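> curious how this folds, go ahead:
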Amino acid sequence: METLNGVSQTLLIPLYARFLETQRDDAIIRDEKSKEIINQLNPDFSQFSKTIWSTQVGIAIRTEILDRETSNFLKQNPTGIVVNLGAGLCTRFFRVDNGLVKWFELDLEPVKQLWGKVFTETECHRYLVYSLLDFSWIDEIKPFEASPILFIAEGLLFYFEESEVKEIITTIKNNFPGSEMLIEAIGPSQAKNTQKHPVVSKTNVLFKWGIKTGKDLEQWDKDIKFINEWYYYDKYGNRWRWYRFYKYIPSLRKGYKIFHIKFNK
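Presented below is the predicted three-dimensional model:
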């Protein structure tokens, strides 16, 4: 496998979690594509294997939420555009593809080299090689600005400084008014404690940005509209073991979440 550095290292974590979850009889999600990828690449997961159970549950839940909300977007906008930011080895396209969507995966060149071993680009499923903060990627999406667009930021923005997150979100808003965005986020206390995360702590990256609720983004700009938010600890209490009690402590309940925003035209 190619050597991955920085945040790109973390792409193996959701892949492994989806692979493990798919093999359970009571699986929250099923992702047969992850099994194909792992069988093909045979990556080394030994550094994660003993501590991944809670991360596996969280990733399964976030996958279920994001799959559902992306599917809802495509039901309302069958010929819409989906832009998957910091895509890694995400397999969502294969679970929700309606045959009409144009789907863009955005990530770095080393990730593209790995991605190209297990996926094939098509006219409807393309890979864009850019750093997220190199906003020239905007030019690749501009030709589709008349279409409904959904941006997805999964397992990504909490590795950026708040100033960078603001720049990313406002740049998307300014260039694609009327578009929507699904964002995975963590709470402020979680952002200060990477070393306590059972899996991310084993990489060389740090959490940098946390937010109490997605509704706080409305304070950043009057044209950001908060739509909804979902907390991981509210779901599948039987799978969380003793973590299930976190749902009764607000700062912990809101520690891991997905929220949906829309940019006013």
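
> alpha carbons only for contacts and neighbour counts from here, please
Will do.

> helices of the chain, start to end?
Taking DSSP state H, the helices of the chain run over residues 12-22, 32-41, 53-76, 92-96, 109-118, 138-141, 162-175, 188-191, 250-253.

> most neighbours per residue, which of the ones you listed?
Greatest average neighbour count among the helices of the chain goes to helix 12-22 (a mean of 21), per mean count of other C-alpha atoms under 10 Å.

> out of the helices of the chain, nearest to Tyr236?
Tyr236 lies closest to helix 53-76 among those, at 8.3 Å (C-alpha to C-alpha).

> residues in contact with that closest one?
Counting by C-alpha atoms under 8 Å, 6 or more residues apart in numbering, helix 53-76 makes contact with 14, 17-18, 20-21, 28-29, 80, 92, 95-96, 98, 101, 150, 182, 184, 198-199, 230, 232, 235, 239-240, 257-258, all of which sit outside it.

> just how off-centre is the helix or strand of the chain at the bottom of the mean pLDDT ranking within its chain?
In the chain, the helix or strand scored least confidently by mean pLDDT, DSSP states H and E is helix 188-191, which has a mean of 87. In terms of C-alpha atoms, centre = their mean, to the nearest Å, the centre of helix 188-191 is found 18 Å from the chain centre.

> with just CA atoms, put that helix into PDB.
Extracted as PDB, the C-alpha positions of helix 188-191 are listed here (Å, rounded to 0.1, in the frame of the first residue of the first chain):
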ATOM      1  CA  PRO A 188     -15.400  21.200  22.000                       C
ATOM      2  CA  SER A 189     -14.300  18.900  24.800                       C
ATOM      3  CA  GLN A 190     -13.700  16.000  22.400                       C
ATOM      4  CA  ALA A 191     -11.600  18.300  20.200                       C
END
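
> quick one: contacts of that helix?
Contact with helix 188-191 is made by 158, 207-212, 251, 255, as judged by C-alpha under 8 Å, 6+ apart.

> what ranges of the stretch 1-150 of the chain fall below the confidence cut-off?
Across the stretch 1-150 of the chain, residues meeting the criterion (pLDDT under 70) sit at 1-9, 47-51.

> hmm, try it at 90
Along the stretch 1-150 of the chain, segments meeting pLDDT under 90 span 1-13, 16, 38-55, 110, 113-114.
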